[in-house]
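Q: Sequence isn't available, so here's the structure alone:
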């Protein structure tokens, strides 16, 4: 797992291929490239044999982190990659002085909701029609800059660094 460099357009192109495969029509390659290059953006990825199999990104806005995307190739799901990425991004956000993390998720995405709840995210709102065909739930973590939250992060997947 490694941090994506904004100048690595070849890696971002492979990330866009995963997006098109796993979430068709979600973002264009150009939109992803533009987002990766923003100074507030931090993207992490997992590769297997030079293929991007999972990636996630968040924006750091002052002292809040906004999870923009977390995607895992279907054949690699249920292997802990989403949890590894989320833990890495939460640790990175803590290291960059974020106090909390937020995200929007499809109200019907049961697997994602279960993952986020493991990391302490709670539903604090709803965005009607956010995904055109369905609502998004707005989730927030408790304070991630506390010793209690650090212990929660340390309790996950101790062998995955």
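A: Arrived safely, thanks for sending. These numbers come from a predicted model, not from an experiment.
Q: where does the chain dip in pLDDT?
A: 157-161 (pLDDT under 70).
Q: which residue ranges form the strands in it?
A: Taking DSSP state E, the strands of the chain run over residues 2-3, 41-48, 51-61, 64-72, 100-106, 122-127, 136-140.
Q: Mind putting those strands into TSV with distance to residue 155?
A: Using the backbone N, CA and C atoms, a C-beta is placed for each residue, glycine as well. Output for the strands of the chain, formatted as TSV (distance: least, Cβ to Cβ, whole Å):
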stretch	distance to residue 155
strand 2-3	23
strand 41-48	20
strand 51-61	20
strand 64-72	20
strand 100-106	17
strand 122-127	18
strand 136-140	20
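Q: what about the ones you listed, which gets the closest to residue 152?
A: Ranking those by proximity to residue 152 (Cβ to Cβ) places strand 100-106 first, at 12.6 Å.
Q: between the closest one and strand 122-127, how big is the angle?
A: Between strand 100-106 and strand 122-127, the angle comes out at 50 degrees (axes from the mean of the first three to the mean of the last three Cα atoms, to 10 degrees).
Q: For stretch 14-22, what is the distance to the chain centroid?
A: The chain centroid and the centroid of stretch 14-22 are separated by 15 Å under Cα atoms, centre = their mean, to the nearest Å.
Q: distance of the nearest residue to residue 138 once chain neighbours are set aside from residue 106?
A: Leaving out its chain neighbours, the residue that sits closest to residue 138 by Cβ to Cβ, 6 or more residues apart in numbering is residue 125, at 3.7 Å. Distance, residue 125 to residue 106, by Cβ to Cβ, to the nearest Å: 14 Å.
Q: of the two, who's got more company?
A: Neighbours per residue (other Cβ atoms under 10 Å) separate residue 125 from residue 106, with residue 106 holding more: 15 against 11.
Q: Who does that one form a beta bridge with?
A: residue 136 (DSSP bridges).
Q: so what's it up against?
A: Neighbour list for residue 106: 112, 131, 134, 135, 136, 137 [criterion: Cβ atoms under 8 Å, 6 or more residues apart in numbering].
Q: correct me, but the third one touches residue 109?
A: No - counting by Cβ atoms under 8 Å, residue 134 stays clear of residue 109, with 9.4 Å between them.
Q: Between the two, which has more neighbouring residues?
A: residue 109 (15 against 12).
Q: residue contacts, that one?
A: Here residue 109 is in contact with no residue (Cβ under 8 Å, 6+ apart).
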